[in-house]
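Novice: Sequence first, predicted coordinates after that:
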Amino acid sequence: MKIMQIKVKKPNGRSWFFAAGCAVVLGVLVLLDGGSLSTNSGLSSPCRVEVTADVLNVRTSPDPGGTTTSVLHRGDLRGAETTVQNGYRQMVDGGWALDDFLRPLPGSKCAAQ
């Protein structure tokens, strides 16, 4: 019976340098882009919510007849207001989404005042 030997090659110093350089570049990109998510989605708002529906329409008014202005998806995080009318919560962008499909994030202040 013949036994096969497998040779494992250790990575050279250049590959570690390349990996570290990629990590630094990605880190800088994350830091530069860090403010855009909270600015566009209102996550700096005291009330922050997560979408629990697969698809959730944001409407122009707090009723099913309101025109759909955007669509949110499960797991999306958005800023919202404390105002709830007809089962719809007002979002920071002025639109309205069904409150039954919005879960307040821990530490958020989403209760009506």
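Specialist: Cool, the structure landed.

Novice: How far off centre is the lengthiest strand in the chain?
Specialist: For the chain, the strand with the greatest residue count under DSSP state E is strand 77-85. Remark: strand 77-85 is offset 15 Å from the chain centroid, using C-alpha atoms, centre = their mean, to the nearest Å.

Novice: now do stretch 51-71
Specialist: With C-alpha atoms, centre = their mean, you get 18 Å for stretch 51-71.

Novice: re earlier: parallel or antiparallel, list what pairs with the longest strand of the chain.
Specialist: Next to strand 77-85 in the sheet, as set by DSSP bridges, lie strand 47-51 (antiparallel), strand 88-91 (antiparallel).

Novice: Mean pLDDT per helix and strand in the chain: which one sits at the bottom?
Specialist: Taking mean pLDDT, DSSP states H and E as the measure, the helix or strand of the chain with the lowest value is helix 13-41, at a mean of 60.

Novice: ok so, going back, list the buried residues in the longest strand of the chain.
Specialist: If you call a residue buried by 16 or more other C-beta atoms under 10 Å, then strand 77-85 has these buried ones: 78, 79, 80, 81, 84. Any C-beta I mention is one placed from the backbone N, CA and C, and that applies to glycine too.

Novice: Now tabulate these in TSV and tack on pLDDT.
Specialist: TSV is the format used below for the buried residues of strand 77-85 (pLDDT from 0 to 100):
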residue	pLDDT
78	95
79	95
80	95
81	95
84	94
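
Novice: Relative to residue 101, how far out is residue 58?
Specialist: Residue 58 sits 11 Å away from residue 101, going by C-beta to C-beta, to the nearest Å.

Novice: right, I mislabeled it, should have said residue 95
Specialist: 14 Å.

Novice: Between those two, point out the one with more neighbours.
Specialist: residue 95 (23 against 18; other C-beta atoms under 10 Å).
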